[in-house]
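> using only what follows, build the 3D model:
(chains A and B)
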Amino acid sequence: GQNIDQPTEMTATEGAIVQINCTYQTSGFNGLFWYQQHAGEAPTFLSYNVLDGLEEKGRFSSFLSRSKGYSYLLLKELQMKDSASYLCAVRSMNTGFQKLVFGTGTRLLVSP
Amino acid sequence: DGGITQSPKYLFRKEGQNVTLSCEQNLNHDAMYWYRQDPGQGLRLIYYSQIVNDFQKGDIAEGYSVSREKKESFPLTVTSAQKNPTAFYLCASSRTDHNSPLHFGNGTRLTVT
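Below is the predicted model:
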């Protein structure tokens, strides 16, 4: 089976840095995605990791360790608009279809 | 602009009625998906389709049906057999290569009373 764990909620202050962790257990791992979702809206793609290491995209970075089944999303210079849920999703090979399984999401609240 | 469109945004139905949710994409993606989102739970896969005229059950397909007659369209029918149909439904599409992210529509919030 597959299992993805993320903290339910985090709070941070505008201008700060926050790290959102994701641990997973899956067979046939084939990539990890991070999405941002504002309440009542569509998830939007943030980052993709398939090899170990750090991927940087502006204020957002994502890290992957396949041996530890661990990823984190790092958000720098937090802005109020970053208040949203952040979804970790793992892609695995499943009977020939590359299935994407989502965690429950981490709700981030950014305060002034 | 390319994108994926779901309609309507809000839908209300009486128990016992079937209802069809629309999903259209002009991204030329081969794969399309339907997910359901409930509070406190991750997105759960209902059905997916990797090519026209073919689709497969996801993790929670019971009480749902789909069709894929055109590449651009992947409508979802919530039947009266679905025990807890009230939820936020998200349609997505993607290319079929392994690093292709899912592109989501804005969702349909279905309320059944």
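> low-confidence regions, chain B specifically.
B:1 (pLDDT under 70).
> got the residues of it near chain A?
Counting by Cβ under 8 Å from any Cβ of the partner chain, the residues of chain B close to chain A are B:35, B:40-45, B:48, B:50, B:56, B:88, B:90, B:96, B:98-99, B:101-107, B:109. (Each C-beta comes from the backbone N, C-alpha and C, glycine too.)
> show only the entries of those found in helices.
Per DSSP state H, helices hold no members of the residues of chain B next to chain A.
> so what's B:Gln17 up against?
Applying Cβ atoms under 8 Å, 6 or more residues apart in numbering or on different chains, we find B:Gln17 in contact with B:Ser80, B:Val112.
> an error on my part: the question was meant for B:Phe55.
B:Tyr47, B:Tyr48, B:Ser49, B:Val66, B:Ser67, B:Arg68, B:Phe74.
> B:Asp54 is in contact with the fifth one, correct?
No. No contact is recorded between B:Ser67 and B:Asp54 when judged using Cβ atoms under 8 Å, the distance being 10.7 Å.
> more crowded one of those two?
Legend: neighbour count by other Cβ atoms under 10 Å in any protein chain shown for B:Ser67 and B:Asp54, higher for B:Ser67 (15 against 9).
> nearest spatial neighbour of that one, skipping sequence neighbours?
B:Pro75 (6.1 Å; Cβ to Cβ, 6 or more residues apart in numbering or on different chains).
> how near is that neighbour to A:Ala42?
To A:Ala42, B:Pro75 is 18 Å away according to Cβ to Cβ, to the nearest Å.
> and those two? Which one has more around it.
In this view B:Pro75 and A:Ala42 are compared by other Cβ under 10 Å, and A:Ala42 has more residues nearby, 20 against 16.
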